[in-house]
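S.K.: Pasting the sequence and the predicted coordinates here, then a few questions.
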Number of protein chains: 2
Amino acid sequence: MAVVEIVTTGTELLLGQVVNTNAAYLAAKLNELGFDVLYQTTVGDNPGRMREVLRLAFERADIVITTGGLGPTYGDITKEVTAELVGKSLLLDPEAKRRIEVFFSRRGVCMPSRNQKQAMVPEGAVVLYNERGTAPGVVYEHQSRLIVHLPGPPSELKHMVEHTLLPLLQARYPRQGVIFSRVLRVHGIGESQVEERLTDFILNQGNPTLALLARRGEIWVRITAKGETQAAAEHKIAEWETEIQRRLQPHVFGQDDEALEVVVAEALKNRALTIATAESCTGGLLAGRLTEAPGSSAYMTGAIVAYDNRIKRDLLAVSEEMLLRHGAVSEETARAMAAGVCSRLGTDMGVAITGIAGPDGGSSEKPVGLVYIAVAYQGKIDCRRYVFNGGRDEVRYRSTQAALDQIRRAVLAVE
Amino acid sequence: MAVVEIVTTGTELLLGQVVNTNAAYLAAKLNELGFDVLYQTTVGDNPGRMREVLRLAFERADIVITTGGLGPTYGDITKEVTAELVGKSLLLDPEAKRRIEVFFSRRGVCMPSRNQKQAMVPEGAVVLYNERGTAPGVVYEHQSRLIVHLPGPPSELKHMVEHTLLPLLQARYPRQGVIFSRVLRVHGIGESQVEERLTDFILNQGNPTLALLARRGEIWVRITAKGETQAAAEHKIAEWETEIQRRLQPHVFGQDDEALEVVVAEALKNRALTIATAESCTGGLLAGRLTEAPGSSAYMTGAIVAYDNRIKRDLLAVSEEMLLRHGAVSEETARAMAAGVCSRLGTDMGVAITGIAGPDGGSSEKPVGLVYIAVAYQGKIDCRRYVFNGGRDEVRYRSTQAALDQIRRAVLAVE
């Protein structure tokens, strides 16, 4: 399998002014086609250091893809440094020049003379014309290595990759196989509990491989397989997936890009259920997530954010006596809020969250991170107590995550 | 100046499943303190390749900072591979172990035995205890190089960097000069209008420099200066800042990390005002942002998310006739919602958002992205009409941004 190194260039990356999204984008696209991206390196617009980084990349990779440094300024040196390193001349490509001139004339101005530099390409290179900007990309060979230069702006790069680079790479490297991944998304048990249940898989990796990743408020179980074809790779994954699903049930809520709010939205829609939320410490964030998907008005009726206890009384019918006796953060209040919003808004399901998001307001009896979540559905109220770690943001986000999972379990009737 | 290499580890980065935000974050923080980040490298959880990458990093950098691979699983190998490479043993740190045990006991469970691995640290290392998760970071020396291991999850990493790593690095490497930046955050005018007002600054850059950055729903004007000391750099910035502020008023709402919700929270708190929101298309996100800051109960009373028109009638007293005549997305409805939530929840200020977030539901008269925002305050209602570009998420986020800015302008009495 062809080994790829992605070399992203640009001082703005080293200064941390820009997040490197190009590397992730390229890696995802190349992995899908069965290329093995083993290294990503970032270096600034400095000739000496760039030369060293490229020299090493040519040693350890079959395909070296650079991004950035194809602009018209003196600071743009990627093409020049690389050509010098591999001993190629840069020649004017008339078609590239013509296209840059057109680009400027459409804006009603002449091409500045310094932009001619962008039309210079290494001898023998295939030119990837830029449909979104001025800098063309290039592809050329050097001692059985493939060198690819791509422009830095993500919209230019993406268009070029999808329309010209990927077809070219597929033609040049007939597939020796496909890598395919499936992510199972888990909520409700911790990373080490997941690992305990999957120890034999983890110790017997080969093809497929298995990885556990802790994400914000969830665990990802990633199964990756190589195969001659997509179907073969998927078949290998399917064998593991069934058993892994079985061992982790009912904690696997979705796969790949199925976020918890998406899964919950589908479940509510399929059963034609309506829902409302009553929120204290999350301040409307659960309602915000429940309305993230298009078409959410099919199930979402509304929400009452009862930040002040007065609102809990007036709009959610939580009694003064209960608030005094148990406090706003208590199982009793959570239950009353869930029942209250359900009857007040006339929905099939009511969900309440009350807790202490911090950083202040905690006590030894009721610490920061203590959250009660109640789901009223079919005449019953399921209330659970959580203590979340982390800062205020984290406690609030994890509360919405836990609430969504309680809704999911209630609707699907799993424990 | 000390040279830094950031080595981010994790196969998920090479697969393109995760964008590498840690590298940009670390680079920005280190540059501020005068460190020279010259390389960023990403490698997977493979011992052989990780060893080679680390070996090279030790050759070309004074400080090598790794992120990721400190978890409890077999796939987490960063600490182990590095220690073996430099010939250090890993020893149990009792305090780290105790903290991990506390982390689990707060959740009411025992520490799984495999998490003990996270408390193993290289001999002689300074341990950076993790206030946000289980994996401690470590700092140790090897042949006059500094090795730093940080956990991968961004919230854990950031807290550790700001509270323990940066002070430690500053003490270890006395400064040889300072780069300092100030960001002025702007809402209410576009990037090209900002540029027009600041053309002379942009053309006369040197020290300081000026950069405009379009961020989600706002524009950042970044002034960067170099100086012998922090005070000298700040002085250079102050000269420009005063004049730039003057030209962009009243659109500059804050600086550096002052998000719009933070500025609004301060303004409300200082004037002892209470607020409530009535939200349709944003589904509670504005309330969520208004409760992001600690102590938000001082001004936030509550919110009514009126997704269904029935809720607009029943809880916000928007008349059936108005909804029929003008529609739910109209200036009239927005005004009625703002007045309704204000009187219903008994607050000084009421804010309403109603609009079409899309992707469906638009018409030629009322396109996707059309949003009305009304602020009721001191007996008057200020209602504005917006048409936002972008997808559903973007329209919803920009609506909350515009609403917060309307609140700010109403409270501060600026136009």
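M.R.: Received, thanks.
S.K.: Is A:Thr78 in contact with A:Met50, as I believe?
M.R.: Yes - counting by CB atoms under 8 Å, A:Met50 is a contact partner of A:Thr78 at 7.1 Å. Heads up, the C-betas are built off the backbone N, CA and C, glycines and all.
S.K.: Identify the contacts common to these two.
M.R.: A:Thr9 (CB atoms under 8 Å, 6 or more residues apart in numbering or on different chains).
S.K.: between these two, which one's more packed in?
M.R.: Higher neighbour count among A:Thr78 and A:Met50: A:Thr78, with 25 against 22, using other CB atoms under 10 Å in any protein chain shown.
S.K.: Please report how far that one lies from B:Ala211.
M.R.: Between A:Thr78 and B:Ala211 the distance is 22 Å, computed by CB to CB, to the nearest Å.
S.K.: now A:Val411
M.R.: Taken as CB to CB, the span from A:Val411 to B:Ala211 is 49 Å.
S.K.: neighbour count winner among the two?
M.R.: Higher neighbour count among A:Val411 and B:Ala211: A:Val411, with 21 against 15, using other CB under 10 Å.
S.K.: Nearest residue to the more buried one in space, please, no chain neighbours.
M.R.: A:Ala267 (4.6 Å; CB to CB, 6 or more residues apart in numbering or on different chains).
S.K.: residue contacts, the one you found?
M.R.: A:Ile407, A:Arg408, A:Val411, A:Leu412.
S.K.: Now rank those residues by neighbours and give me the top one.
M.R.: Within the contacts of A:Ala267, most neighbours by other CB under 10 Å means A:Ile407, with 28 neighbours.
S.K.: State whether it and A:Gly350 are indeed in contact, as I suppose.
M.R.: No - here A:Ile407 lies out of contact with A:Gly350, judged by CB under 8 Å, at a distance of 10.3 Å.
S.K.: Can you check which residues contact both of the two?
M.R.: Taking CB under 8 Å, 6+ apart as the criterion, A:Ile407 and A:Gly350 both touch A:Ile275, A:Val375.
S.K.: which residues in the stretch 51-200 of chain A form helices?
M.R.: According to DSSP state H, counting those that start in this stretch, the stretch 51-200 of chain A carries its helices in the segments A:78-86, A:94-106, A:154-160, A:166-172, A:191-197, A:199-203.
S.K.: Looking at stretch A:285-296 now, give me its mean pLDDT.
M.R.: Mean pLDDT, computed over stretch A:285-296, is 96.
S.K.: For that stretch, buried residues please.
M.R.: Neighbour counts over stretch A:285-296 (16 or more other CB atoms under 10 Å in any protein chain shown) mark A:Leu285, A:Leu286, A:Ala287, A:Gly288, A:Arg289, A:Leu290, A:Thr291, A:Glu292, A:Ala293, A:Ser296 as buried.
S.K.: Could you name the specific helix or strand carrying the third one?
M.R.: Using DSSP states H and E, A:Ala287 sits in helix A:285-290.
S.K.: So which elements touch that helix?
M.R.: helix A:260-270, strand A:275-279, strand A:300-306, helix A:392-412, helix B:285-290 (3 or more CB pairs under 8 Å, 6 or more residues apart in numbering or on different chains; DSSP states H and E).
S.K.: which of these is buried the deepest?
M.R.: Stretch with highest mean neighbour count among the helices and strands packed on helix A:285-290: strand A:275-279 (a mean of 32; mean count of other CB atoms under 10 Å in any protein chain shown).
S.K.: In the stretch 101-250 of chain A, which residue sits closest to chain B?
M.R.: The minimum distance from the stretch 101-250 of chain A to chain B, using CB to the nearest CB, falls at A:Ser192 (3.8 Å).
S.K.: That residue touches B:Asn115, doesn't it?
M.R.: Yes - between A:Ser192 and B:Asn115 there is a contact under CB under 8 Å: 5.9 Å.
S.K.: quick one: the helix holding A:Ala287 to chain centroid distance?
M.R.: 19 Å (CA atoms, centre = their mean, to the nearest Å).
S.K.: Return that helix as PDB; C-alpha atoms alone will do.
M.R.: The C-alpha trace of helix A:285-290 is given here as PDB (Å, rounded to 0.1, in the frame of the first residue of the first chain):
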ATOM      1  CA  LEU A 285     -29.000  23.800  25.700                       C
ATOM      2  CA  LEU A 286     -31.000  20.500  25.700                       C
ATOM      3  CA  ALA A 287     -33.800  22.200  23.800                       C
ATOM      4  CA  GLY A 288     -31.100  23.700  21.500                       C
ATOM      5  CA  ARG A 289     -29.800  20.200  20.700                       C
ATOM      6  CA  LEU A 290     -33.300  18.800  20.200                       C
END
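S.K.: how about A:Gly188, phi and psi?
M.R.: Note on A:Gly188: its backbone torsions stand at phi 120, psi -20 [degrees, to the nearest 10].
S.K.: ditto for A:Ala28
M.R.: Per degrees, to the nearest 10, the backbone of A:Ala28 is at phi -60, psi -50.
S.K.: For it, which non-adjacent residue is closest in space?
M.R.: Spatial nearest neighbour of A:Ala28, chain neighbours left out: B:Gly16 (2.9 Å); criterion: CB to CB, 6+ apart.
S.K.: show me what contacts that neighbour?
M.R.: B:Gly16 neighbours (CB under 8 Å, 6+ apart): A:Ala23, A:Ala24, A:Tyr25, A:Leu26, A:Ala27, A:Ala28, A:Lys29, A:Leu30, A:Asn31, A:Val37.
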